[in-house]
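Colleague: Compute the structure for the input listed below.
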Amino acid sequence: MKKTVFLLAILLSSISENLIAQNSKQNKPSVQQRVINVDFTKSASTLNTFFKECVGAGRANEGLRADWQQQLAYVKKECGFKYIRMHGLLTDDMAVYKEDSKGNPVYNYMYVDVLFDFLQSIGMKPFVELGFMPNALAGGPQTIFWWKGNVTPPKSHEKWADLIKNLTEHFTERYGADEVKTWYFEVWNEPNLSPGFWTGTQQDYFKLYKYAAQAVKSVNKEYRVGGPGTAGAAWETEMIDYCSKNNVPIDFVSTHSYGVNQGFLDEYGNSGTVLAKEEFAVSGDVLQSRKEIATSPIPNLELHYTEWSASYTPADPIHDSYHEAAYVLQKLKQVGRAANSMSYWVFTDIFEEPGPRFEPFHGGFGMLSIQDINKPVFYSYQFLNQLGNIELVNKDAASWVCKDSSGNIQALVWDYTYTLSDSTNNQQYFIRDLPSKSKGKLKINIANVPNGNYALEVYRVGYRSNDAYSTYLDMGKPQQLSKQQVEQIKKQNDGSPVFKEIITIKNGVPFLKELEIRENDVFFLNIIKL
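Modeller: Residues are numbered from 1 along each chain as shown. Just a heads-up that it's a prediction; the model follows:
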């Protein structure tokens, strides 16, 4: 009897252990896997390169600096931007306008010529923002920023129109009408943020716009003019209705959007910001803008987002973070074909709205630091510029897979994960060391790749991979960087491939690459036909 009980106990124990093991196996989380399947022979369309049509800069006078010009030439070469937009073309530090003792206008374009000649020399065009008001023409003393841009309506709209006409004639004489026809003229910046950027009303802005637009068109009807350049996708329908009803010329709508939940203007970067959690922050504004234009009296207007980024403040550490690289790609992909351009604000931390900065990493808007250090977001734009001109059919929502006429293939893939807690703002969160969690396996499968030998290069941006800010943290966040420290940060984050090999495709076997992907990683695969 005792023997039977003993054997029964062993049997029950064994069954229990098996059940526990089975349950443990069932409850163990499976490895997350993301598979991207594309076919080399199935093209979707020509790649829409709206993402590199335009990029922003702080103000025109900064464009006279040698370091600014060197950085722009580098960004143009690596990222392919065609246009650049900046504030302050007409502000007094550009010495454009004054009046003689009798109140007659005196025009001067020497500084403007230096800047625009440089742009021409590197193959870029100006997206001309007409603002702010020259002090001698201003109707009031109110200014914005450390560099004192006057934000008041003109004391004389006739003199304002004469200035814009004379400036446009000067551009035509210097660069030729055929060239200026390819430019854009945008009237003012964010006039809906009153009294910050504009002390007048909406109707005052429309009047300013009318005089400027008519002045541009009086020189050449084919020159392109638009606005209102508002914050937060505002005034779009009102602008179109005004122009339509009053026969005022308009060729494009421009506006701005940033991915934080509160506010629009933080002149000196003193406010806390919180990255919006909504899936379609920024991109939802763009899609809505396109719908508003499509249902307007002028449904075929171009749409230009002449400023956008994760945050509108020049003191937001997300701009320095590796999270920004994935964020930008996610938003651009969501926009699709809704915008003609999305101008990232801005290309460099040489940016003095709150005055010259004293810290090497201060949350500045730029893709590059003041000392020429590539931030993670720079690489996102560099990768975008390397995509081939033919986009392949691809159901994955966070990637582009392309090819070019030489048979090379490019895959740009990312993970965007929102990681902030509800009680944390950007200024508290993105200054930390932020290790990224695993998102499992990423498999890229490309069918029907032509037989042959290929060089595969894999690039990565993410936590401690082309992540200059983390290197800076490891140095103890020095108030000033020595020359050697700058070179060390650059060397550790120089954009070199993390993996290279020669592969052979034959017998119809597809290209397959498996990678470990983490939160907010960005991968660029360059498959070069040999």
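
Colleague: Please, where are all the strands along the stretch 201-350 of the chain?
Modeller: Using DSSP state E, counting those that start in this stretch, the strands of the stretch 201-350 of the chain run over 224-230, 252-258, 302-309, 341-344.

Colleague: Reformat the ones you listed as JSON lines; add mean neighbour count and mean pLDDT.
Modeller: Any C-beta I mention is one placed from the backbone N, CA and C, and that applies to glycine too. Rendered in JSON lines, the data for the strands of the stretch 201-350 of the chain read as follows (neighbours: other Cβ atoms under 10 Å; pLDDT from 0 to 100):
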{"stretch": "strand 224-230", "mean neighbour count": "26", "mean pLDDT": "98"}
{"stretch": "strand 252-258", "mean neighbour count": "26", "mean pLDDT": "98"}
{"stretch": "strand 302-309", "mean neighbour count": "24", "mean pLDDT": "98"}
{"stretch": "strand 341-344", "mean neighbour count": "26", "mean pLDDT": "98"}
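
Colleague: Can you tell me which of those is nearest to Ala73?
Modeller: Ala73 sits nearest to strand 341-344 of all the strands of the stretch 201-350 of the chain, at 17.2 Å, using Cβ to Cβ.

Colleague: Run a quick neighbour tally on the closest residue in space to Met94 that isn't next to it in sequence.
Modeller: The shortest distance from Met94 to any non-neighbouring residue, by Cβ to Cβ, 6 or more residues apart in numbering, is to Tyr111 (4.8 Å). Residues lying near Tyr111 (other Cβ atoms under 10 Å) number 17.

Colleague: Stretch 305-325: end-to-end distance?
Modeller: End-to-end distance of stretch 305-325: 19 Å, with Cα to Cα, to the nearest Å as the criterion.

Colleague: Stretch 362-380 now?
Modeller: 20 Å.

Colleague: could you point out which element follows the helix or strand bottoming out on mean pLDDT in the chain?
Modeller: In the chain, the helix or strand scored least confidently by mean pLDDT, DSSP states H and E is helix 2-27, which has a mean of 44. Counting by DSSP states H and E, the next helix or strand C-terminal to helix 2-27 is strand 33-39.

Colleague: just checking, what packs against that next one?
Modeller: Contact analysis of strand 33-39 by 3 or more Cβ pairs under 8 Å, 6 or more residues apart in numbering; DSSP states H and E lists strand 399-403, strand 438-447 as its packing neighbours.

Colleague: how about a cut-off of 6 Å?
Modeller: strand 438-447 (3 or more Cβ pairs under 6 Å, 6 or more residues apart in numbering; DSSP states H and E).

Colleague: which helices and strands sit right next to the strand it packs on?
Modeller: The contact analysis (3+ Cβ pairs under 6 Å, 6+ apart) places strand 438-447 against strand 33-39, strand 511-518.

Colleague: Show me the shaky parts of this structure.
Modeller: Within the chain, the segments meeting pLDDT under 70 span 1-31, 262-270.

Colleague: Just list whatever residues bridge to the residue nearest the centre of the chain.
Modeller: The residue lying closest to the centre of the chain (Cα atoms, centre = their mean) is Tyr344, at 2.8 Å. Counting by DSSP bridges, Tyr344 forms beta bridges with Val55, Trp308.

Colleague: mind starting the numbering at 23 from now?
Modeller: All right, first residue 23 from here; so that's Tyr366.

Colleague: Please report the distance of it from Lys397.
Modeller: 12 Å (Cβ to Cβ, to the nearest Å).

Colleague: before we move on, the earlier item: the helices and strands packed on strand 460-469: which one's closest to Pro271?
Modeller: strand 55-61 (44.1 Å).

Colleague: What strands flank the closest one, and is each parallel or antiparallel?
Modeller: strand 460-469 (parallel).

Colleague: Could you give me the buried positions within stretch 355-362?
Modeller: By neighbour count on 16 or more other Cβ atoms under 10 Å, the buried set for stretch 355-362 is Lys355, Gln356, Val357, Ala360, Ala361, Asn362.

Colleague: Narrow those to those in helices?
Modeller: Counting by DSSP state H, the part of the buried residues of stretch 355-362 found in helices is Lys355, Gln356, Val357.

Colleague: between those residues, which is closest to Gln514?
Modeller: For those, the nearest to Gln514 is Lys355 (28.7 Å; Cβ to Cβ).

Colleague: For the closest one, give me its contacts.
Modeller: Not one residue lies near Lys355 by Cβ atoms under 6 Å, 6 or more residues apart in numbering.

Colleague: can you tell me how far it sits from Lys74?
Modeller: Using Cβ to Cβ, Lys355 is found at 14 Å from Lys74.

Colleague: Over to Leu478?
Modeller: Taken as Cβ to Cβ, the span from Leu478 to Lys74 is 25 Å.

Colleague: Using JSON lines, please lay out the strands of the stretch 223-372 of the chain together with distance to Ile262.
Modeller: Formatted as JSON lines, the strands of the stretch 223-372 of the chain follow (distance: least, Cβ to Cβ, whole Å):
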{"stretch": "strand 246-252", "distance to Ile262": "10"}
{"stretch": "strand 274-280", "distance to Ile262": "7"}
{"stretch": "strand 324-331", "distance to Ile262": "11"}
{"stretch": "strand 363-366", "distance to Ile262": "18"}
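
Colleague: Out of these, which gets nearest to Tyr349?
Modeller: For the strands of the stretch 223-372 of the chain, the distance to Tyr349 is smallest for strand 324-331, at 8.9 Å, taking Cβ to Cβ.

Colleague: Check the offset of that closest one from the chain's centre.
Modeller: From the chain centre to the centre of strand 324-331 is a distance of 9 Å (Cα atoms, centre = their mean, to the nearest Å).

Colleague: angle of that strand against strand 274-280?
Modeller: Using axes from the mean of the first three to the mean of the last three Cα atoms, to 10 degrees, the inter-axis angle of strand 324-331 relative to strand 274-280 is 20 degrees.

Colleague: Does anything pack onto strand 324-331? Which helices or strands?
Modeller: Under the contact criterion of 3+ Cβ pairs under 6 Å, 6+ apart, strand 324-331 touches strand 274-280, helix 305-316, strand 363-366.

Colleague: Nearest to Pro213, out of these?
Modeller: Across the helices and strands packed on strand 324-331, Pro213 has its closest neighbour in strand 274-280 (11.1 Å, Cβ to Cβ).

Colleague: who does the closest one pair up with?
Modeller: Strand pairing for strand 274-280, determined by DSSP bridges: strand 246-252 (parallel), strand 324-331 (parallel).
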